[in-house]
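>>> Structure for this input, please:
(chains A and B)
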There are 2 protein chains.
Amino acid sequence: MKNETQVSIHPLARFAATLCWEDVPLQVQRRAEDLWVDWFGSALAGQNARPVQSITRFALSQGPAAGPCEILGSAATSSPLMATQANAAASHVAEQDDVHNGSVFHPAAVVFPPALAVAQSLGASGVELMQACVAGYEVGIRVGEFLGRSHYRIFHTTATAGTLAAAAAVGRLLKLTPEQMQHAFGSAGTQSAGLWEFLRTGADSKQLHTAHAASAGLTAAFLAQDGFTGAQDIFTGPQGLAAGMSTDADPARLSDGLGTRWATAETSFKWHASCRHTHPAADALLQVMQQHGLAPVDLAQVTCHVHQGAIDVLGPVVRPSTVHQSKFSMGTVLALAARHGHAGLTEFDRDYLAQETVELRDKVSMELDAEVDAAYPRRWIGKVSVQTTDGRLLKGRVDEPKGDPGNTLSREEITAKALRLIAYGGVLQDAPAKAVVQRLWQVAQWPRVRHLLD
Amino acid sequence: MKNETQVSIHPLARFAATLCWEDVPLQVQRRAEDLWVDWFGSALAGQNARPVQSITRFALSQGPAAGPCEILGSAATSSPLMATQANAAASHVAEQDDVHNGSVFHPAAVVFPPALAVAQSLGASGVELMQACVAGYEVGIRVGEFLGRSHYRIFHTTATAGTLAAAAAVGRLLKLTPEQMQHAFGSAGTQSAGLWEFLRTGADSKQLHTAHAASAGLTAAFLAQDGFTGAQDIFTGPQGLAAGMSTDADPARLSDGLGTRWATAETSFKWHASCRHTHPAADALLQVMQQHGLAPVDLAQVTCHVHQGAIDVLGPVVRPSTVHQSKFSMGTVLALAARHGHAGLTEFDRDYLAQETVELRDKVSMELDAEVDAAYPRRWIGKVSVQTTDGRLLKGRVDEPKGDPGNTLSREEITAKALRLIAYGGVLQDAPAKAVVQRLWQVAQWPRVRHLLD
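All right, here's what the predicted structure looks like:
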């Protein structure tokens, strides 16, 4: 007896299950490699952080003594699930991993760790790894766009859409059929979770969010391979994701331009080591300071004209008490950018509570701007008004912050950024770091994905 | 530098971190033992089910080859996390585990598996295990009540509040301080997930939900022990659980009668092997059939007068195609009850698609009833109208379905039910099953929690 509900395969599940590397246009392949190298730097930079170490210790205590999968920056190895938890936790903590503007979703942190672990456990090729990761990006970004701004107001989209992104990537590596992929989506979506509430006290949840999303998605894909079924319409069903966690979900976004529009290539690189919501204003401030030859002491007051999302996420952070929290403080980011020309990991660690930083920080405020808000999240416009100590009112503006697709990083800049992040992580010396990054650029030629570090 | 947000410890976190067995009134201690024995039957009955086997296979493939924790009904052992996944998946599939009416929450499935696994790994005493489980019940039930009916309309409360229940139970075993317990709550709540959408096609997600909730809560507690921080107000914060997943949350419920009102003792046992929403109507139908000496062939039409929650959960299930789905079909449950006097596991397996069942099933309908709906979820009133084939219109009514606190099971009935469930699971012969259940009743005397099965 067949079930009365005859279900059709969602185009997104079919796409994820059948995407091949050769279907991906060359410039998108190159961009996927850029994102892969860029991610690696973030993962190495983050592995030492206290919350990441907690998650890694827990994962190792619950998993096998050794396994086919690498815990990046550690001598330990484990099973795919446990390596995924550790590496996904590490990928997001430096706040330097990539972001897709339209979905406000950080794909790298939830896509590369599970895909790498499963590729290592299967002995998959570099192309199999990369096509799986592109599937993860395309799915996760569309799910984030689908869930919309109302979702992001309360939920950390990287955590929620992240389960779907991870399921797509792992599912592609496991060669799920379209029907199995749809079941994997159901099992992933019903584990989607992650609330912004932790920001209010600068708690460690962000690392748990990426670890959870990546491992929940991986679990969903493995279960689907074993015949485990999930909801057939986890996205738009009357008790699905949109019904429970969004008030402005747009189903058309789920399959928008599948196979022709490459969301992977729309992904931005982060230049400053802070929440992406701070970058447009930071770049606008740098622009006005450069144009008028201003020094930090010339700044009497800085007003950032921002979108509502920036106020929602950054607003609660008034006096950051941890370096991680300070990356969500608009004032701190602008102060560091003004003082050093760039708010990088080292600048944060050294100076986020320096007196000059704090003084400058307290001169920065945010204000909702209709133009910026209307363009968001498709475009992240940066606008600031600067009151100088000598009484001038100056305006700064950037239409695409550095790292956005129209103002992207060169391969040299990506390599340099990755090397800075690896050095920050402290696991590798300069020469071996350069050698690893060099190897990573060749991923599409690898016959088999081995450990990235020896 | 202290964080500007001075946080206080929520009474619920303090309660969970400090609850001792000797604080629990004697009759509540006895009820907790009842629930423990009742749970064991469900776990043994469920371990053979296909979706459970999938989750167990996955957990074993990702964990160590052996560990301190028992996978019930299997020769395998594993780490706490992996044993929890397997045992929590097994506990809910037979639809015979307990339920708390007011919260529409099934505590046993998400409390006993993680607590047992951690107690085995620590070598905790039976009293330490049981006080942790009471903490889990008291917390989970209050969180379910807090999230309210609007939450349950979309979310499977056992899956969402379940992370908090598991965190409380495991956190108590790990001897978390109140502050650590609050962090564990934050980490648990930010992983709360589980959508009803899977019911529409009878997918396997319910087993994933309990496995996920129990292991996410366990993870949260272990991380808190290691200094990992979580949101300080995951319940009512502006980007917390209520903000994201409820429109009628009631914060007063979170600490309602802590230490004086024992929600553990309000928990109902399930008599029929089906979704609890079907039980009041099934008992009301049995009542009217008994009173008027009706046989199944006398029934021309049965209208169940129900609360909205029953329509939300059971409404989509019109023609069940799997035995699990049929436990959410009001028509199937009433047909089996009418034919056999009780809708148990065996009746479902043998007869859910029998022609007589299907014919009777299609004569059953549901209709919203103002009195029943207003009393729900505090009271689960059962009301049916029966049109007989000879033209009579008869009314049936029960005010407390069998298994509710006011109409509860005796220890003999609980033992008999557990033995039926164990026999259904097929792992143990009759004599060893009786011996295990006998031992389980002595839990509070155990100096150390060992494996339940040898």
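
>>> Sketch out the low-pLDDT regions of chain A for me.
Filtered on pLDDT under 70, chain A yields the residue ranges A:1-7.

>>> The helix or strand harbouring A:A284 packs against which elements?
Applying DSSP states H and E as the criterion places A:A284 in helix A:279-292. The contact analysis (3 or more C-beta pairs under 8 Å, 6 or more residues apart in numbering or on different chains; DSSP states H and E) places helix A:279-292 against strand A:299-306, helix A:330-340, strand A:382-388, strand A:393-398. C-beta here means a position set from N, CA and C on the backbone, and glycine is covered the same way.

>>> Give me whichever of the ones you listed is most buried.
Mean neighbour counts were taken over the helices and strands packed on helix A:279-292 using mean count of other C-beta atoms under 10 Å in any protein chain shown, and the top value, a mean of 26, falls to helix A:330-340.

>>> circling back to that earlier point, quick one, which of the helices and strands packed on helix A:279-292 is nearest to chain B?
Taking C-beta to the nearest C-beta, helix A:330-340 is the member of the helices and strands packed on helix A:279-292 nearest to chain B, at 13.0 Å.

>>> Show the subsequent helix or strand relative to that closest one.
Elements were assigned by DSSP H and E; along the chain past helix A:330-340, the next helix or strand is helix A:345-351.

>>> Counting by contacts, list what that next one packs against.
Against helix A:345-351 (3+ C-beta pairs under 8 Å, 6+ apart) you get helix A:323-326, helix A:330-340, helix A:411-425.

>>> if we go to 7 Å?
Using 3 or more C-beta pairs under 7 Å, 6 or more residues apart in numbering or on different chains; DSSP states H and E, the elements in contact with helix A:345-351 are helix A:323-326, helix A:330-340.

>>> Reformat those helices as JSON lines; add distance to B:E371.
Output for the helices and strands packed on helix A:345-351, formatted as JSON lines (distance: least, C-beta to C-beta, whole Å):
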{"stretch": "helix A:323-326", "distance to B:E371": "52"}
{"stretch": "helix A:330-340", "distance to B:E371": "55"}
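
>>> Find the centremost residue of chain A, please.
Most central in chain A under C-alpha atoms, centre = their mean is A:H106, positioned 1.9 Å from the mean C-alpha point.

>>> Just give the closest residue to that one, not the sequence neighbours.
Leaving aside its sequence neighbours, A:H106 sits nearest to A:T158 (C-beta to C-beta, 6 or more residues apart in numbering or on different chains; 4.4 Å).

>>> Please, where are all the strands along chain A?
With strands called from DSSP state E, chain A shows them at A:69-70, A:77-78, A:99-100, A:267-268, A:299-306, A:364-368, A:382-388, A:393-398.

>>> List the neighbouring strands of the fourth one plus their orientation.
It stands for strand A:267-268. strand A:99-100 (antiparallel) (DSSP bridges).

>>> Then the first one?
For strand A:69-70, the paired strands and their directions (DSSP bridges) read strand A:77-78 (antiparallel).

>>> Tell me which residues are up against the partner strand.
A:A59, A:L60, A:G63, A:P64, A:A66, A:G67, A:P68, A:C69, A:E70, A:I71 (C-beta atoms under 7 Å, 6 or more residues apart in numbering or on different chains).

>>> Separate out the buried members of these.
Buried by 16 or more other C-beta atoms under 10 Å in any protein chain shown: A:A59, A:L60, A:G63, A:P64, A:G67, A:P68, A:C69, A:E70, A:I71, out of the contacts of strand A:77-78.

>>> Quick check, the third one in contact with A:A83.
I take that to be A:G63. No. Using C-beta atoms under 7 Å, A:G63 is not in contact with A:A83, being 8.2 Å away.

>>> The residue nearest to A:H106: neighbour count?
28 (other C-beta atoms under 10 Å in any protein chain shown).

>>> Helices along the stretch 101-250 of chain A, start to end?
When secondary structure is read from DSSP state H, counting those that start in this stretch, the stretch 101-250 of chain A shows helices at A:107-122, A:126-154, A:157-173, A:178-189, A:205-225, A:241-245.

>>> which one of those helices has the most crowded surroundings?
Ranked by mean neighbours (mean count of other C-beta under 10 Å), those are led by helix A:157-173, with a mean of 33.

>>> Counting by contacts, list what it packs against.
Against helix A:157-173 (3+ C-beta pairs under 7 Å, 6+ apart) you get helix A:11-18, helix A:107-122, helix A:126-154, helix A:178-189, helix A:205-225.

>>> what do you get if the cut-off is 6 Å, keeping everything else the same?
On a contact count with 3 or more C-beta pairs under 6 Å, 6 or more residues apart in numbering or on different chains; DSSP states H and E, helix A:157-173 meets helix A:107-122, helix A:126-154, helix A:178-189, helix A:205-225.
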